[in-house]
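Student: need a structure here:
(one chain, ligands or ions: 1)
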Amino acid sequence: KRHAFWETQPVGQYKEGEKGEQQVDGPIEAPQPLSEVRQEPYNLPSNYEWCTCDITDEKVMKEVYTLLTNNYVEDDDNMFRFDYSVEFLRWALNPPGYFPDWHIGVRAKGSKKLVAFITGVPAHIRAHDKIVLMAEINFLCVHKKLRSKRLAPVMIKEVTRRVHLQDIWQAAYTAGVVLPTPIATCQYWHRSLNPKKLIDVGFSRLAPRMTMSRTIKLYRLPEDPVTPGFRAMERRDVPEVTRLLQGYLAQFTVAPHLVDDDVEYLLLPIENVVNSYVVENPDSHEITDFCSFYTLPSTIIGNENYSLLKAAYSYYNVATVTPLLQLMNDALIMAKSKDYDVFNALDIMQNESFLKELKFGPGDGHLHYYLYNYRLKAPLRPAELGLVLL
Ligand SMILES: COc1cccc(CC(=N)NC(=O)c2cccnc2OC2CCNCC2)c1
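Tutor: Sure, this is the predicted structure:
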């Protein structure tokens, strides 16, 4: 039966013009007293056991990496599979205030092999004018050989139980599939940086009446950014970038509430994990703009010439003086100079304003955003959404 699990969860549906109860934004269920939260883990099928994955342990991180790189999300045509790196996973799972026991694994009792994974990290997320401490749920992965054993619902219940034990009652997550009930449905877009490789591996197709050399020329970018004062972000920029981001994100209905510690942790450059840039006015030395992208390669499944697609994903961008179009073009220039093959973006925030003009093409799927135990009066347009999940 479709959604047999999800119909048991507080993930409300939109009552179209229901006369009766007037929908208001806010929690669907009230917090429980901690004594009422189930104290023991949920039951797993008999040959499996829970484990907490210590992300500071190199050996465990290697097991998590191996499970994900072989069994995590693939595109709709099963040509690509996300290949999150160990450094990226450690960074994504270790933000300020993280809870070690929200990094949940399932092992086979005999072999102790890691066969499933799910994570949560805490984040302050604003919905309308309310800042709520939520869990960002990510990296739900069940080994290909254990699919349709109904493991995912029990893993979701277990991470929910552990989140509740920390007195946190809301969560945010994304999925490529439609579940009850999206708060926004976003389209993803791709900007070719290395069109020849993208066409060779089947990520893109040569447009009708276009030759390969014409296509390469179409996507060519300058060697260097064009904006005066454009440079890599440094620790000394954190307070100004935080102020820029808070001011910019205030316009969106749902967005993270980032303070200095979050900006320092999430947005300072880490090679092969996250790149961020500021525009420092050459005269006033004021930081007027900010752009960033994170690194998420994909395994190219079954191609004899290439094994890896190097992809950059648009993260947070703020333009207050430089036109957003020019700022994002400089981000493309930096990604190309660092040998990325493609630059991906969702149609969230103000991204719509530059996608077509910077030669992004629409992807073939959608990314749906969800809030757990938090009702919004109506779904959001992507332009009202200011939250990027990894
Ligand atoms: C190109 O390799 C892929 C490998 C696996 C899946 C997909 C398609 C896809 N599902 N893409 C996205 O979800 C996506 C497209 C643009 C921007 N962010 C995205 O997802 C992010 C955010 C959610 N968690 C995964 C990474 C592509």
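
Student: Look through the stretch 251-390 of the chain and state the residue closest to the ligand.
Tutor: Closest approach between the stretch 251-390 of the chain and the ligand, counting by Cβ to the nearest ligand atom: residue 298, at 3.4 Å. For every residue, glycine as well, the C-beta is placed using N, CA and C.

Student: Surely that residue and residue 78 touch.
Tutor: No - here residue 298 lies out of contact with residue 78, judged by Cβ atoms under 8 Å, at a distance of 11.7 Å.

Student: Please identify which of these two sits among more neighbours.
Tutor: Neighbours per residue (other Cβ atoms under 10 Å) separate residue 298 from residue 78, with residue 298 holding more: 24 against 9.

Student: which residues does that one contact?
Tutor: Residue 298 makes contact with 75, 80, 81, 82, 83, 308, 309, 311 under the criterion Cβ atoms under 8 Å, 6 or more residues apart in numbering.

Student: Filter these down to the buried ones, ChimeraX style.
Tutor: Selecting only the buried members of the contacts of residue 298 in ChimeraX, with burial defined as 16 or more other Cβ atoms under 10 Å, works like this:
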select :75,80,81,82,83,309,311
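
Student: Let's have the contacts of residue 298 in CSV, adding pLDDT and distance to residue 194.
Tutor: Compiled in CSV, the contacts of residue 298 are given as follows (pLDDT from 0 to 100; distance: Cβ to Cβ, whole Å):
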residue, pLDDT, distance to residue 194
75, 97, 18
80, 98, 15
81, 98, 19
82, 98, 19
83, 98, 17
308, 98, 12
309, 98, 9
311, 98, 11
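
Student: Correct me if wrong: residue 225 contacts residue 328.
Tutor: No - using Cβ under 8 Å as the test, residue 225 is too far from residue 328 to be in contact (10.9 Å).

Student: higher neighbour count, those two?
Tutor: residue 328 (27 against 22).

Student: Now that that one has come up, it's in contact with residue 359, right?
Tutor: No - judged on Cβ under 8 Å, residue 328 makes no contact with residue 359 at a distance of 11.2 Å.

Student: From residue 73, how far out is the residue of the stretch 251-390 of the chain closest to the ligand?
Tutor: Relative to residue 73, residue 298 is positioned 9 Å away (Cβ to Cβ, to the nearest Å).

Student: what's the answer for residue 325, then?
Tutor: Using Cβ to Cβ, one gets 30 Å for the distance from residue 325 to residue 73.

Student: With residue 156 instead?
Tutor: When residue 156 is compared with residue 73 (using Cβ to Cβ), they lie 16 Å apart.

Student: For residue 295, give me its contacts.
Tutor: With contacts defined as Cβ under 8 Å, 6+ apart, residue 295 is in contact with 85, 88, 272, 273, 274, 275, 310, 311, 312, 313, 340.

Student: Also residue 108?
Tutor: Shown in contact with residue 108 (Cβ under 8 Å, 6+ apart): 47, 48, 115.

Student: Of those, which count as buried by neighbour count?
Tutor: Applying a neighbour-count criterion of 16+ other Cβ under 10 Å, the buried members of these are 48, 115.

Student: What is the nearest of the contacts of residue 108 to the ligand?
Tutor: Proximity of the contacts of residue 108 to the ligand (Cβ to the nearest ligand atom) peaks at residue 115, which lies at 20.4 Å.

Student: Would you double-check that the closest one falls in a strand?
Tutor: Yes - the assignment for residue 115 by DSSP: H, G, I helix; E, B strand; the rest coil puts it in a strand.

Student: any idea of the pLDDT on it?
Tutor: In the prediction, the pLDDT value recorded for residue 115 is 98.

Student: got any ranges where the stretch 1-150 of the chain has weak pLDDT?
Tutor: Along the stretch 1-150 of the chain, the parts satisfying pLDDT under 70 run over 14-22.

Student: measure the residue of it found nearest the ligand to residue 202 for me?
Tutor: Among residues of the stretch 1-150 of the chain, the one nearest the ligand by Cβ to the nearest ligand atom turns out to be residue 80. It sits 3.3 Å away. Applying Cβ to Cβ, one obtains 9 Å for the distance of residue 80 from residue 202.

Student: now swap in residue 225 and tell me
Tutor: Applying Cβ to Cβ, one obtains 31 Å for the distance of residue 225 from residue 202.

Student: For the stretch 51-200 of the chain, what lies in contact range of the ligand?
Tutor: Counting by Cβ under 6 Å from any ligand atom, the positions of the stretch 51-200 of the chain adjacent to the ligand are 73, 74, 75, 80, 81, 82, 174, 176, 188.

Student: run the last query once more with 8 Å
Tutor: Selection of the stretch 51-200 of the chain residues close to the ligand by Cβ under 8 Å from any ligand atom yields 72-76, 79-82, 138, 174, 176, 188-190.

Student: For the residues you listed, work out which two are farthest apart.
Tutor: For those, the maximum inter-member distance is 22.6 Å, found between 79 and 138 (Cβ to Cβ).

Student: more crowded one of these two?
Tutor: Under the neighbour definition other Cβ under 10 Å, residue 79 and residue 138 were set side by side, and residue 138 has more, 20 against 17.

Student: from memory that one sits against residue 390, does it?
Tutor: Yes - counting by Cβ under 8 Å, a contact exists between residue 138 and residue 390, whose distance comes to 6.4 Å.

Student: any shared contact partners between the two?
Tutor: When Cβ under 8 Å, 6+ apart defines a contact, the residues bordering residue 138 and residue 390 alike are residue 92.

Student: For residue 74, give its distance to residue 298.
Tutor: Computed with Cβ to Cβ, the distance linking residue 74 and residue 298 is 9 Å.

Student: any common contacting residues for the two?
Tutor: By the contact definition Cβ under 8 Å, 6+ apart, residue 74 and residue 298 are jointly contacted by 80, 81, 82.

Student: With that, I have no additional questions.
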